[in-house]
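J.: Let's see this in three dimensions:
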Amino acid sequence: MAEFDTDLFVIGGGSGGVRAARIAALHGARVMIAEEYRMGGTCVIRGCVPKKLLVYASHIHHEIEDAAGFGWTIPQVSFDWPTLIANKDKEIARLEAAYTANVEKAGARVVKTRAEFEDAHTLKLASGERVRSKYVLIATGGAPNHGTPIPGIEHVISSNEAFHLPSLPRRILIQGGGYIALEFACIFAGFGSDVTVVYRGDNVLRGFDDDVRAHVRSEMEKEGITILTGCTVKSIDKHGKDFTSHLSNGSSIGSDRVMFAIGRHPNVANLGLEKAGVGINPSNGGIAVDGFSRSSVPHIYAIGDVTHRLNLTPVAIREGHAFADTVFGKRQVQVDHANVPTAVFCQPEVGTVGLTETQARAQFTHVDIYKTTFRPMKATISGRDTRMLMKLIVDATSDRVVGCHIVGDGAAEMVQLIGIAVKMKATKADFDATMALHPTAAEELVTMHNPTARHVRQAAE
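T.: From the prediction side, this is the model:
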C-alpha cells in the first residue's frame, strides 16, 4: 500500500492554486485540488474579472456624453442593472468551467469541497474522505475585513455582495481608500449613483505616489464623488430600506447601501494549521513562508494572498508556477517581488511600477523627477474636464528609471510595457533615445527631457 494517496494536495482553487496544480500535474505529479466555493477564486469569481466588466459598463456613460463633441446625436438612453449582472454572471460561469477543465486536462483531480488538516500529511475533506499527501500547498487567498465591530455592522456589505446587488443603489457610502473602495466608487458613480467615500487617512490610495493620490482625488471629485478623509464610520442605523451612517467627525450621511472596503485578511482560519504545525507571520497574519514559499513545515507551502506578501493575482500565479517547478520540475525558481506593475481601475485609471518619489528619495542620494500633466487629445473636442498625469522617477547617479506613475485612460496598458523597461534597469537616456509615437499620450514618457524637480540628500554629519 502506497504511503501517500497523492504527491500534491492543493487547498484552494483560485488563480495561484490552479496554476500550481496544473503545472505540477504536467510535471508528472499526482495532484488533487480542493475548492469549497467556486473554481477561479477571488479574482475570477468576485474580484478582478467581474470588477473590470463593471468598470467597462460604467465608463460607457462617459463615451455617450463625449459623443456630442464629435458630431454624434444620441437619443435618450437607459441602463438596466439586472441585465448587466446577468451577463456578468454568464461570463464568470464560463471562466469557472474553463478553469476546472484546464486543471483536469492536465491530469489533476478536482474535488468541490472544503479541506482541512488532520495532521501534517493528512487532509480531511468535508465529504468525509481523508487524503494523505506528500506535499501540501495552501492557496486559500483572502477575504474582506470589516475591521473593529461597530453598532450596525450587520448592515454593511463588502465587494463580494456588491457584485450581486438586486438593484443599483441610488446612494451609497463606501468606507475605504484603496483599490477596491475607489474602483467601486467610480463604478457606482458611472451608473449615476450618489457616492460618498469615507477614509480615515489624510488622502486616498495610501502607499501610492503622492502626486498620483492628489490627482486621482481631484479627478474623482470632478465627477461628483464626495471624498471625506480623516474620519471613519462609527455606527450605522437602519430606517426601513435606508441607512444613516454616523461619522467620527460628528456628521451623518444617509444612503440605501453601506459598503466597507478597508482591507482584506488572509484566509487562515479553521484550516487546522495548528494540527499541521504551520506557523503564522506575526507581522501580517498570513502564513509565514521563505523565498520559495515554504512554510515552517518543510513539505507544506503557501502562495498568494494567504501569505499576505503582495496581494495581486499575477503574483499568486507566478508563485504557484515557481512552486511547481521547484518541487516537481527539478529546478529551483524563486519569485522576484520587486518592481511588480499594478493598476487601480478607478476612473481615471492608475498604472504604476517601481518606487514612489518618497521611496526613491529615501533610498538614493540624488533623485530626478520628470512630471507632466496635460489635457488628453480626446478631451479637447469632447469638452470633458480631465487631465492625465505622467511621472518618471530617476536615480540621478546611475540614470536608471526606478519608478513610473500614470493616471489616465490606458494607464494600466502603458505601465505593463514600461514595467519591462524598469525590470531591465533601463536608463533615462534609453527613454530619451526612443522615438516618440505620435499622436499618443504615451509619447510623453519619452519626450520629458528636463527634470521638473531635483533632490539631493545631504550626508549625515
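
J.: Select the helix or strand of this protein having the lowest average pLDDT value.
T.: helix 41-46 (a mean of 91; mean pLDDT, DSSP states H and E).

J.: Contacts for that helix next, please.
T.: Helix 41-46 is contacted by residues 12-18, 35, 37-38, 47-49, 92, 95-96, 99, 139, 141-142, 159-160, 163, 305, 313 when judged by CB atoms under 8 Å, 6 or more residues apart in numbering. No exception for glycine: its C-beta is placed from N, CA and C like everyone else's.

J.: Show me which of these are buried.
T.: 12-18, 35, 38, 47-49, 92, 95-96, 99, 139, 141-142, 159, 163, 305, 313 (16 or more other CB atoms under 10 Å).

J.: and the next element down the chain from the longest helix seen in the chain?
T.: The longest helix of the chain (DSSP state H) is helix 81-105. Sequence-wise, the next helix or strand downstream of helix 81-105 (DSSP states H and E) is strand 109-111.

J.: Might you report the residue contacts of Ile33?
T.: Applying CB under 8 Å, 6+ apart, the residues near Ile33 are Phe9, Val10, Gly12, Gly13, Gly17, Val18, Ala21, Val103, Ala108, Arg109, Val110, Val111.

J.: Same list (those) but as JSON lines, adding distance to Glu274 and pLDDT.
T.: Formatted as JSON lines, these follow (distance: CB to CB, whole Å; pLDDT from 0 to 100):
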{"residue": "Phe9", "distance to Glu274": "18", "pLDDT": "98"}
{"residue": "Val10", "distance to Glu274": "20", "pLDDT": "98"}
{"residue": "Gly12", "distance to Glu274": "18", "pLDDT": "96"}
{"residue": "Gly13", "distance to Glu274": "24", "pLDDT": "96"}
{"residue": "Gly17", "distance to Glu274": "21", "pLDDT": "97"}
{"residue": "Val18", "distance to Glu274": "27", "pLDDT": "97"}
{"residue": "Ala21", "distance to Glu274": "25", "pLDDT": "97"}
{"residue": "Val103", "distance to Glu274": "29", "pLDDT": "95"}
{"residue": "Ala108", "distance to Glu274": "28", "pLDDT": "96"}
{"residue": "Arg109", "distance to Glu274": "27", "pLDDT": "96"}
{"residue": "Val110", "distance to Glu274": "27", "pLDDT": "96"}
{"residue": "Val111", "distance to Glu274": "23", "pLDDT": "96"}
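
J.: The stretch 351-461 of the chain: strands as residue ranges?
T.: Assigned by DSSP state E, counting those that start in this stretch, the stretch 351-461 of the chain shows strands spanning 366-374, 388-395, 400-407, 453-456.

J.: Just say which of the ones you listed is most tucked in.
T.: Ranked by mean neighbour count under mean count of other CB atoms under 10 Å, the strands of the stretch 351-461 of the chain are led by strand 400-407, which reaches a mean of 25.

J.: How far away from the center of its chain is it?
T.: On the basis of CA atoms, centre = their mean, to the nearest Å, strand 400-407 sits 19 Å off its chain's mean C-alpha point.

J.: Summarise which helices and strands that strand is packed against.
T.: Judged by 3 or more CB pairs under 8 Å, 6 or more residues apart in numbering; DSSP states H and E, strand 400-407 is in contact with helix 210-222, strand 350-354, helix 357-363, strand 388-395, helix 411-423, helix 428-432.

J.: Run the chain-centre distance for the fourth one.
T.: Taking CA atoms, centre = their mean, one finds strand 388-395 lying 22 Å from the centre of the chain it belongs to.

J.: That strand to helix 210-222, inter-axis angle?
T.: Between strand 388-395 and helix 210-222, the angle comes out at 170 degrees (axes from the mean of the first three to the mean of the last three CA atoms, to 10 degrees).

J.: Strand 388-395 versus strand 350-354: what angle between them?
T.: Using the same axes, to 10 degrees: strand 388-395 against strand 350-354 is 0 degrees.

J.: Alpha carbons of strand 388-395, in CSV - could you do that?
T.: Taking C-alpha atoms only, strand 388-395 is exported to CSV below (Å, rounded to 0.1, in the frame of the first residue of the first chain):
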residue,chain,number,x,y,z
MET,A,388,-3.6,63.0,-17.4
LEU,A,389,-0.6,62.6,-15.1
MET,A,390,2.7,61.0,-16.1
LYS,A,391,5.7,60.8,-13.8
LEU,A,392,9.1,59.2,-14.0
ILE,A,393,11.4,58.7,-11.0
VAL,A,394,15.1,58.5,-11.8
ASP,A,395,18.2,57.6,-9.7
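
J.: tilt between that strand and strand 366-374?
T.: Strand 388-395 and strand 366-374 are oriented at 170 degrees to each other (the same axes, to 10 degrees).

J.: by contact count, what packs against strand 388-395?
T.: Checking 3+ CB pairs under 8 Å, 6+ apart, strand 388-395 ends up next to helix 210-222, helix 357-363, strand 366-374, strand 400-407, helix 428-432.

J.: let's see 7 Å
T.: In this structure, strand 388-395 makes packing contacts with helix 210-222, helix 357-363, strand 366-374, strand 400-407, judged by 3 or more CB pairs under 7 Å, 6 or more residues apart in numbering; DSSP states H and E.

J.: With the fifth one instead?
T.: The helices and strands touching helix 411-423, judged by 3+ CB pairs under 7 Å, 6+ apart, are strand 342-344, strand 350-354, strand 400-407.

J.: ok, which stretches of the stretch 101-250 of the chain are helices?
T.: Per DSSP state H, counting those that start in this stretch, the stretch 101-250 of the chain carries helices over the ranges 159-162, 179-190, 210-222.

J.: In the last one, which of the residues would be classed as buried?
T.: In terms of neighbour count (16+ other CB under 10 Å), helix 210-222 has its buried residues at Asp211, Val212, Arg213, His215, Val216, Arg217, Glu219, Met220.

J.: Centroid-nearest residue for this structure?
T.: The residue lying closest to the centre of the chain (CA atoms, centre = their mean) is Leu312, at 5.2 Å.

J.: so how many other residues sit close to the nearest residue to Glu36 once chain neighbours are set aside?
T.: Closest residue to Glu36 apart from its sequence neighbours, by CB to CB, 6 or more residues apart in numbering: Arg114 at 3.9 Å. Residues near Arg114, counting by other CB atoms under 10 Å, number 17.
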